[in-house]
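Colleague: would you be able to build a 3D model of this:
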Amino acid sequence: IYFTYLFFRLRMNRLYLACMTLSLGAVVYISCNIALYASRDVASYLSIVQVQMYGTYLYHMGLLWFALLVSGTSLRFLYPAAAYIALFLVARQVEPGIIYSAVRGISTHNLPWGESLSILDADSGFWVYLYEAGYLYVYVAVLACAVKAARSAYTSKGKWFLADSVALFLIALYDIAVFNFNLQWPFLGEAGFIAMIVMLGFVVSNDVLRSGMLASKVAESERKLKAIFDSTYQSIAIIGADGTVHDVNDAWVSFTGKPKEQIIGEKIFRNSFIDLVDNNWPQVERAFRRAAGNEFSRGVIRLRDSRGVVRYIDYDFKPVLGDSGEVEMVILEGRDVSDIKKAEEKMLLNAQELAAANEELSAANEELESTNEFIEAQNRQLLDTQKSLVESETYNRILFSESYVPIIVIDPRSGAVTDCNNAAVRIFGYESRDALIGKTTLDVSAEMQPGGITRERASRERVNEALEKGNIIFEWTLRRPSGESWDAAVHLMTFRDKG
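Modeller: Numbering: from 1, shown residues only. Now for the predicted structure:
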């Protein structure tokens, strides 16, 4: 009964499901045998046998099923035996005495230790031989599978199984002789049944022990991954394909100010734990749907953090495929790029102011063209003054040197830094501008870049893309002189200098 329960707990493996079947059959068979040995009349004896035959059937079908699985043999050998013996079960249910040619009564067999057991005194009929032939087929098939298993890589299990199969086969021949020749000897089938189950239980116990050790290692790995997941600086959420949030890291909890219990189980779109400034939920839902359809999606939205401060979040949805090749979950990553956005907005505002100034100057130029040479001379002087102002140290200091956005100027042919501002010197970890100028992009970059490619290849691809498009934004892993690596969002744009 214990092994039946053990195998039931492990039933997801078909091998253990077969063991559960034969263990359950042995429980029914042995229980009926106990009742048979105490029976004193033919009617009750045959009634018990009708129930016992189902236990016998379950045990042998489970045994053959297990033997085919453990030896890697096709299950097509199971189906004819199951159907053949099932016909006899139906026949014996309709006519319990079909396998007997004559039933004389119940005889009592005295045991050496003083107890007695009841045995049916009957002669075997023609049908019993056909019935026994079905079970002999099972034992021969099991023995053949055991030999095959003993020769396989699973030598220890195979040899145990082979030894028990030989013993069980010999016991079956003994029981057939006792039954057919009406010998006053006890049947030994249940001893063979128990031996087989104990052997399988021993093997399975070892498997369970190894599974427990493996589960311990898996749990340790999960703890490490959980620690990494919670300690990363960017907000990460694990979402099911239906949009349900399964887990979030500590960075997400810190940003939203909501406990995990309030976030997990919610839908990622139109929920209470994301405070969208522009209420553009359709954009978020479209991005998620694309990821759920196995397509990477990315964008920028404005969110309010736990203090109510509006932050720009660069987000992306990444699909994760299961064993079936379908999207099983979606990973949402969010990075705070508010400082970068503010710097871009300030640069855009400066550019707009410069453009407005240029437009005003152009209008003035058109007006001055209709005046005399003196006015034209004054206009040329004004343009020269403007040019001098643009190229002056004061203008450069305002828009370049004193900017809090790290800016470096790179020669695309050599990859060397030709100029930089103080913000770049600080964030790159150098002591002065002179220390940074002359370094190449490879000198300040990590060996491997996002996507698992080398810095040399990634640098060539990004420079060529910038030269082609004029303006690109991408992620890059940089390295300070101390060896510390850090991630950055790079805005790479081209310009012409003196032609």
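Colleague: now do the strands in this structure.
Modeller: 100-110, 116-124, 235-240, 245-248, 297-304, 310-321, 327-336, 408-410, 417-420, 448-449, 453-454, 471-479, 485-493 (DSSP state E).
Colleague: would you list the ones you listed in CSV and tack on distance to residue 426, mean neighbour count and mean pLDDT?
Modeller: Quick note: C-beta positions are derived from backbone N, CA and C, even for glycine. Formatted as CSV, these follow (distance: least, Cβ to Cβ, whole Å; neighbours: other Cβ atoms under 10 Å; pLDDT from 0 to 100):
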stretch, distance to residue 426, mean neighbour count, mean pLDDT
strand 100-110, 100, 13, 68
strand 116-124, 95, 17, 66
strand 235-240, 26, 20, 83
strand 245-248, 33, 18, 83
strand 297-304, 26, 16, 82
strand 310-321, 22, 17, 85
strand 327-336, 20, 18, 85
strand 408-410, 12, 18, 90
strand 417-420, 10, 18, 90
strand 448-449, 23, 17, 92
strand 453-454, 27, 13, 92
strand 471-479, 13, 16, 91
strand 485-493, 12, 14, 90
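Colleague: and the closest residue to residue 39 other than its chain neighbours, how many neighbours?
Modeller: In space, and not counting its chain neighbours, residue 39 is closest to residue 45: 4.5 Å by Cβ to Cβ, 6 or more residues apart in numbering. Applying other Cβ atoms under 10 Å, we find 20 residues neighbouring residue 45.
Colleague: what do you get for residue 413?
Modeller: Residue 413 has 7 neighbours, counted by other Cβ under 10 Å.
Colleague: tell me which of the strands of the chain sits nearest to residue 254.
Modeller: Nearest to residue 254 among these is strand 235-240; the distance by Cβ to Cβ comes to 8.3 Å.
Colleague: where does pLDDT dip in the stretch 201-350 of the chain?
Modeller: Across the stretch 201-350 of the chain, the ranges flagged by pLDDT under 70 are 201-233, 269-273, 280.
Colleague: now do the helices in it.
Modeller: Taking DSSP state H, counting those that start in this stretch as the test, the helices found in the stretch 201-350 of the chain are 250-256, 260-263, 281-292, 338-369.
Colleague: now these in a markdown table, with distance to residue 475 and mean neighbour count?
Modeller: Below are those laid out as a markdown table (distance: least, Cβ to Cβ, whole Å; neighbours: other Cβ atoms under 10 Å):
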| stretch | distance to residue 475 | mean neighbour count |
| --- | --- | --- |
| helix 250-256 | 17 | 18 |
| helix 260-263 | 26 | 14 |
| helix 281-292 | 18 | 17 |
| helix 338-369 | 12 | 12 |
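Colleague: can you lay out those helices as CSV showing distance to residue 445?
Modeller: Listed next are these as CSV, based on distance: least, Cβ to Cβ, whole Å:
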stretch, distance to residue 445
helix 250-256, 26
helix 260-263, 36
helix 281-292, 29
helix 338-369, 19
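Colleague: what distance separates the start and the end of stretch 404-411?
Modeller: 22 Å (Cα to Cα, to the nearest Å).
Colleague: return the distance of it from the chain's centre.
Modeller: With Cα atoms, centre = their mean, to the nearest Å as the basis, stretch 404-411 stands 42 Å off its chain's centre.
Colleague: also stretch 281-297?
Modeller: 21 Å.
Colleague: same check, this time on stretch 354-374
Modeller: That offset, for stretch 354-374, works out to 67 Å (Cα atoms, centre = their mean).
Colleague: ok, now stretch 326-341?
Modeller: Using Cα atoms, centre = their mean, the offset of stretch 326-341 from its chain centre is 20 Å.
Colleague: list the contacts of it.
Modeller: 234-241, 246, 252, 255, 268, 288, 291-294, 300, 310-322, 405, 489, 491 (Cβ atoms under 8 Å, 6 or more residues apart in numbering).
Colleague: need the strands of the chain in CSV with distance to residue 30, can you?
Modeller: Formatted as CSV, the strands of the chain follow (distance: least, Cβ to Cβ, whole Å):
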stretch, distance to residue 30
strand 100-110, 18
strand 116-124, 14
strand 235-240, 48
strand 245-248, 47
strand 297-304, 63
strand 310-321, 49
strand 327-336, 46
strand 408-410, 84
strand 417-420, 85
strand 448-449, 65
strand 453-454, 67
strand 471-479, 68
strand 485-493, 68
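Colleague: how many residues are close by residue 131?
Modeller: Counted with other Cβ under 10 Å, the neighbours of residue 131 add up to 22.
Colleague: report how many residues lie close to the closest residue to it other than its chain neighbours.
Modeller: Excluding the flanking residues, the one nearest residue 131 by Cβ to Cβ, 6+ apart is residue 88, at 4.9 Å. Close neighbours of residue 88, defined as other Cβ under 10 Å, add up to 20.
Colleague: now do the contacts for the spatially most central residue of the chain.
Modeller: The structure's the chain has its C-alpha centroid closest to residue 322; by Cα atoms, centre = their mean the separation is 6.3 Å. Counting by Cβ under 8 Å, 6+ apart, residue 322 touches residue 328.
Colleague: skipping its backbone neighbours, what lies nearest residue 300 in space?
Modeller: What sits nearest to residue 300 in space, not counting adjacent residues and going by Cβ to Cβ, 6+ apart, is residue 314, at 5.3 Å.
Colleague: contacting residues for the one you found?
Modeller: 298, 299, 300, 334, 335, 336, 337, 489.
Colleague: what does residue 140 give?
Modeller: residue 169.
Colleague: pLDDT value on it, please?
Modeller: Residue 140 is assigned a pLDDT of 85 by the prediction.
Colleague: any idea how far it is from residue 322?
Modeller: Here the distance between residue 140 and residue 322 works out to 43 Å (Cβ to Cβ, to the nearest Å).
Colleague: then residue 365?
Modeller: Using Cβ to Cβ, residue 365 is found at 66 Å from residue 322.
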